[in-house]
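**Q** kindly generate the corresponding structure for this input.
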Amino acid sequence: MDKGKPQSVEEVDVFARETIENPYPTFDLLRSECPVYQVPDTQTYFLTRYEDIYDVLRKTNLFLRGAGKSRPLISDSEAQDYFERNGWPKMSILGSNPPNHRRYRDMVDHFFSVKGAKKQTGLITEIANELIDNWIDDGEVEYVSQFAELLPSMVITKMMGFPLEDLQRLKIWSEAWVAPFSLQLDAEQEKEVAHLMVEFQHYIHDHIKERRKNPREDPREDVVSYLVSTPVQLHSGTRMLTDTEIINMVDHLYIGGNETTTFALTSGLWLLIENPDLQATLASKPEQIRTFVEEVLRLESPTQGMDRHALEDTEIAGVSIPKGSHIHMRYAAANRDKSQFECPANLELERDNASKHLAFSIGETHCPGAGLTRLEQNIAMELLLKRLKKIEFAKEKNSFEHHMNFTLRSFTELYFTFEKA
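**A** Coordinates of the predicted model:
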């Protein structure tokens with residue numbers, strides 16, 4: 001049996017390597033036959049329909065953020081103990097529940113909203129052009145390591161106020177931060193990840209202490225300076241952020257500001273090569289790049305899904321959900337729901353509702369970095385199409401395999417050839 005192409009609900013294994021590599025046959029089967037699927041021997045309910053996920057996201061008083069009774073991302077006791085003894089408590093400050101969620105988000109949204117992100121247009125354009133300059137005379141490039149990883153990580157590093165000289169260390173910490181979401185780590189890997197995550201926390205803390213000792217003339221110069229110097233207005237009162245809060249906010253923003261954008265940039269280039277007619281179309285009609293980016297996010301959602309837990313006994317689409325149950329909302333499945341998107345597997349530049357995908361969630365829990373990543377993807381694609389032509393997969397160099405990660409989707413590498421435009 002091919003676990004990636006189940007013929008019945010009984011054959012479904014959402015955690016199988018084959019499913020992670022190509023999840024869409026499984027999503028299609030579950031969406032049509034069992035849209036609220038209870039993972040066997042668990043209290044996890046796996047949602048695949050757009051309307052059900054949309055409804056859960058809207059009911060913030062009933063479905064709280066977090067996974068409830070499900071397996072923790074790091075389960076090894078030694079790894080957990082090391083983190084508790086040497087790091088700061090892991091808190092999802094920017095992913096907290098109402099009413100304080102909005103107050104914390106107000107602290108950072110002006111950096112990452114559509115309006116705030118536009119201030120980074122010059123920086124993004126400069127970095128993207130410099131990266132292309134590095135390999136444009138070669139006629140071939142490994143896109144992930146030479147562009148898709150570097151562009152967003154360099155931009156967010158500058159925005160945070162970290163030195164670019166630390167980029168290599170920051171990348172190692174960033175990869176460690178997302179590794180547990182794979183749900184594939186063994187005990188030794190979890191211990192290594194815990195050490196690296198604590199290193200990153202101490203790095204952030206060092207920058208917090210430096211900003212307090214040497215405050216910037218303009219606290220809006222970078223995100224860390226702003227968080228250190230600006231009080232937060234919570235419902236319980238106005239106060240300065242604690243070190244724990246700042247560390248958790250910064251690591252959330254740093255990782256979200258580069259890893260998922262890397263994944264989207266890579267999938268976008270893959271789809272551009274898979275659909276060669278698009279290269280000429282988008283080069284001649286750059287105004288359609290905006291829709292192309294939305295279709296990439298819909299078709300190959302970088303964040304495949306996120307979690308909630310039920311505050312009380314309830315129902316979803318007629319299925320009983322006990323209090324405390326883990327609800328996994330599979331955004332990638334909802335984004336290919338034919339009841340919401342006509343011909344959902346096709347990339348359509350004329351799609352009127354392309355931006356209605358759930359890749360960034362919705363409402364109050366909408367991804368704080370959505371404005372920035374959209375801008376980075378639009379600028380990158382416009383520059384690539386302006387400077388390159390005849391972009392094709394490099395022969396016999398691509399495995400077209402994805403990282404084995406349950407939550408995040410990205411190719412391991414992507415080689416392509418090209419000519420100068």
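
**Q** tell me where the stretch 101-250 of the chain has strands.
**A** Applying DSSP state E, counting those that start in this stretch to the stretch 101-250 of the chain gives strands spanning 140-142, 231-234, 237-240.

**Q** pick the most deeply packed of those.
**A** Across the strands of the stretch 101-250 of the chain, averaging neighbours per residue (mean count of other CB atoms under 10 Å) puts strand 140-142 on top, at a mean of 17. Just so you know, the C-beta spots here come from the backbone N, C-alpha and C atoms, and that holds for glycine as well.

**Q** now render the strands of the stretch 101-250 of the chain as a markdown table, adding mean pLDDT and distance to residue 115.
**A** Formatted as a markdown table, those follow (pLDDT from 0 to 100; distance: least, CB to CB, whole Å):
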| stretch | mean pLDDT | distance to residue 115 |
| --- | --- | --- |
| strand 140-142 | 98 | 33 |
| strand 231-234 | 90 | 21 |
| strand 237-240 | 91 | 25 |
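
**Q** residue 288 is nearest to which of those?
**A** strand 140-142 (24.4 Å; CB to CB).

**Q** do you know which of the strands of the stretch 101-250 of the chain lies nearest residue 301?
**A** So among these, strand 140-142 is nearest, using CB to CB, at 23.5 Å.

**Q** next SSE after the closest one?
**A** helix 143 (DSSP states H and E).

**Q** run the chain-centre distance for that following helix.
**A** In terms of CA atoms, centre = their mean, to the nearest Å, the gap separating the centre of helix 143 from the centre of its chain is 19 Å.

**Q** which secondary structure elements does the one helix or strand residue 381 maps to sit against?
**A** Under the criterion of DSSP H and E, residue 381 resides in helix 370-387. Where contact means 3 or more CB pairs under 8 Å, 6 or more residues apart in numbering; DSSP states H and E, helix 370-387 is packed against helix 109-112, helix 114-117, helix 121-135, helix 150-160, helix 259-274, helix 277-284, helix 289-299.

**Q** distance to residue 208 for those helices - can I get that in CSV?
**A** Output for the helices and strands packed on helix 370-387, formatted as CSV (distance: least, CB to CB, whole Å):
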stretch, distance to residue 208
helix 109-112, 17
helix 114-117, 22
helix 121-135, 23
helix 150-160, 11
helix 259-274, 22
helix 277-284, 43
helix 289-299, 33
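
**Q** nearest to residue 112, of the strands of the stretch 101-250 of the chain?
**A** Closest among the strands of the stretch 101-250 of the chain, using CB to CB: strand 231-234, at 16.6 Å.

**Q** chain center to the closest one: distance?
**A** So, by CA atoms, centre = their mean, the centroid of strand 231-234 is 27 Å from its chain's centroid.

**Q** other residues contacting it?
**A** Strand 231-234 has contacts (CB atoms under 8 Å, 6 or more residues apart in numbering) with 100, 103, 104, 106, 107, 238, 239, 240, 241, 245.

**Q** now the buried members of those residues.
**A** 103, 104, 107, 241, 245 (16 or more other CB atoms under 10 Å).

**Q** can you classify the closest residue in space to residue 22 that isn't next to it in sequence as helix, strand or coil?
**A** Nearest non-adjacent residue to residue 22, counting by CB to CB, 6 or more residues apart in numbering: residue 4, 4.9 Å away. Under the three-state scheme (DSSP: H, G, I helix; E, B strand; the rest coil), residue 4 adopts coil.

**Q** what about residue 4, neighbour count?
**A** 17 (other CB atoms under 10 Å).

**Q** which residue is nearest the centroid of this structure?
**A** Nearest to the geometric centre of the chain sits residue 260, at 3.6 Å (CA atoms, centre = their mean).

**Q** I'd assumed residue 372 was in contact with it.
**A** No. Using CB atoms under 8 Å, residue 260 is not in contact with residue 372; the gap is 10.7 Å.

**Q** follow-up on the earlier one: out of the buried ones among the contacts of strand 231-234, which is nearest to residue 96?
**A** Out of these, the member with the shortest distance to residue 96 (by CB to CB) is residue 104, at 6.4 Å.

**Q** tell me the domain ranges of the protein?
**A** According to automatic domain parsing, the chain comprises the domains 1-65+304-358, 81-287+363-420.

**Q** so which of these gets nearest residue 73?
**A** Comparing the domains of the chain by CB to CB, domain 81-287+363-420 comes nearest, at 3.7 Å.

**Q** redo the domains of the chain as a markdown table? Include distance to residue 293.
**A** Converted to a markdown table, the domains of the chain look like this (distance: least, CB to CB, whole Å):
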| stretch | distance to residue 293 |
| --- | --- |
| domain 1-65+304-358 | 9 |
| domain 81-287+363-420 | 5 |
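
**Q** between residue 260 and residue 372, what contacts are shared?
**A** Joint contacts of residue 260 and residue 372 (CB under 8 Å, 6+ apart) do not exist.

**Q** okay, now the unreliable bits of this protein?
**A** Low-confidence segments of the chain (pLDDT under 70): 1, 67-71.

**Q** rebuild the strands of the stretch 101-250 of the chain as a markdown table, extending it with distance to residue 49.
**A** Shown next, in a markdown table, are the strands of the stretch 101-250 of the chain (distance: least, CB to CB, whole Å):
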| stretch | distance to residue 49 |
| --- | --- |
| strand 140-142 | 38 |
| strand 231-234 | 36 |
| strand 237-240 | 42 |
